[in-house]
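Trainee: how would this look folded up:
(one chain, ligands or ions: 1)
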Amino acid sequence: MPERPRAYKTEGIILRRRNLGEADSIFTVLSPRQGKFDAIAKGVRKPRSRMRGHLEPLTRSRLLLARGRSLDVFTQAETITPYRAIRDDLERSATALYCAELADRFTIEHADNPGLYELMLAVLEALDLGAPPGPTARYFELQILSLMGYELQLDCCAACRGRLEPVETLLSPSAGGLVCERCRAKAGAGRLLGVRAIKVLRYARNVDIAAFGEVRIDAVLANELEVAMAGVVSHFLEREPRSRHFVEAVAALPGRPNALAPEIVRSDQGP
Ligand SMILES: [Zn+2]
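Mentor: Numbering: from 1, shown residues only. Predicted structure coming up:
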């Protein structure tokens, strides 16, 4: 195997930061060619650090790194896009952080995935331009599942491949998608999805994020989609994403367009 160069350049999206010692931080970066990786920024928490502003989570930056014994080390960082409109809005930043957490948790280090990088960029750009956070998150969830090899079967029954009637249908994560009425008893747990919700999910697979942002989704439908997809994501991740509580808390703040009255949430969750 040829020896790897001591220094290398890449662009990347900062997914998350954790502090190390007095002044250092470890950043998780999603890059177009080397997938996700961790690297350390020395002295980045000192007030005069020149890299500080260029390594904020959710920033797209040009990076220069040096190979280290265990972790690589940032030697330069320069912002390409700061996504300021996301940072200035609680709901959009909560959604972007949720997508960043999924990108982190669904991947292993150094697994090349240019499609995921493009998807993450598309989501950040859409949110920055004012795309609605809820539908944007649903779009991201569906697309990242496909990229990771868990594409949901939405066109026919995931168990018997039979035709699906245009009625309320079970979405079963363990079966891998929608399940017809005959197979429902033997399919794993899931949630019943109404016809409108199924149409929205099918549409999301076939259009770009800008077109999907134009779809009119009322609060009840948004909640139905959110709960169903949350179950799917948790099934494949084998845990619940930490940032989901933050997204929910922000969405429930008074005055938010997606805030649902508590009784609607309860009746929607079924018995
Ligand atoms: Zn079936």
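
Trainee: quick one: distance of stretch 224-235 to the chain centre.
Mentor: 12 Å (CA atoms, centre = their mean, to the nearest Å).

Trainee: who touches it?
Mentor: By CB atoms under 8 Å, 6 or more residues apart in numbering, the residues outside stretch 224-235 that reach it are 102, 134, 137-138, 141-142, 145, 152, 171, 173-174, 189-191, 193-194, 197, 200-201, 217, 240-241, 244, 268-269. Using the backbone N, CA and C atoms, a C-beta is placed for each residue, glycine as well.

Trainee: switch to 7 Å and redo it
Mentor: Counting by CB atoms under 7 Å, 6 or more residues apart in numbering, the neighbours of stretch 224-235 from elsewhere in the structure are 102, 134, 138, 141, 152, 171, 173-174, 190-191, 193-194, 197, 200, 240-241, 244, 268-269.

Trainee: got the residues of the stretch 1-150 of the chain near the ion?
Mentor: Residues of the stretch 1-150 of the chain found near the ion, taking CB under 5 Å from the ion as the criterion, are absent altogether.

Trainee: what about the stretch 1-150 of the chain, any weak spots by pLDDT?
Mentor: Within the stretch 1-150 of the chain, the stretches falling below the threshold (pLDDT under 70) are 1-4.

Trainee: mind running it again at 80?
Mentor: Residue ranges of the stretch 1-150 of the chain with pLDDT under 80: 1-5.

Trainee: let's see which of the contacts of stretch 224-235 end up in strands.
Mentor: Of the positions in the contacts of stretch 224-235, 171, 191, 193 sit in strands, assigned by DSSP state E.

Trainee: and the buried ones among the contacts of stretch 224-235, selectable in ChimeraX?
Mentor: Of the contacts of stretch 224-235, the buried ones can be selected in ChimeraX as follows, counting by 16 or more other CB atoms under 10 Å:
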select :102,134,138,141,152,171,173,190,191,193,194,197,200,241,244
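
Trainee: which ones among the contacts of stretch 224-235 are found in helices?
Mentor: Within these, membership in helices is found for 102, 134, 138, 141, 197, 200, 244, 268, as judged by DSSP state H.

Trainee: for the third one, which residues are in contact?
Mentor: Put plainly, it is residue 138. Residue 138 sits next to 204, 225, 229 when contact means CB under 7 Å, 6+ apart.

Trainee: and the ones in strands among the contacts of stretch 224-235 as CSV, adding distance to residue 123 and pLDDT?
Mentor: CSV is the format used below for those (distance: CB to CB, whole Å; pLDDT from 0 to 100):
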residue, distance to residue 123, pLDDT
171, 22, 97
191, 24, 94
193, 23, 96
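
Trainee: from those, pick the one nearest residue 129.
Mentor: For the ones in strands among the contacts of stretch 224-235, the closest approach to residue 129 (CB to CB) belongs to residue 193, at 28.9 Å.

Trainee: so who does residue 127 touch?
Mentor: Applying CB under 7 Å, 6+ apart to residue 127 gives the contacts 86, 92, 95-96, 133, 136.

Trainee: let's go with 6 Å and repeat that
Mentor: Residue 127 is in contact with 86, 92, 96, 136, counting by CB atoms under 6 Å, 6 or more residues apart in numbering.

Trainee: rewinding a little: out of the ones in strands among the contacts of stretch 224-235, which is nearest to the ion?
Mentor: Lowest distance from the ion to the ones in strands among the contacts of stretch 224-235 (CB to the ion) belongs to residue 171, with 13.1 Å.
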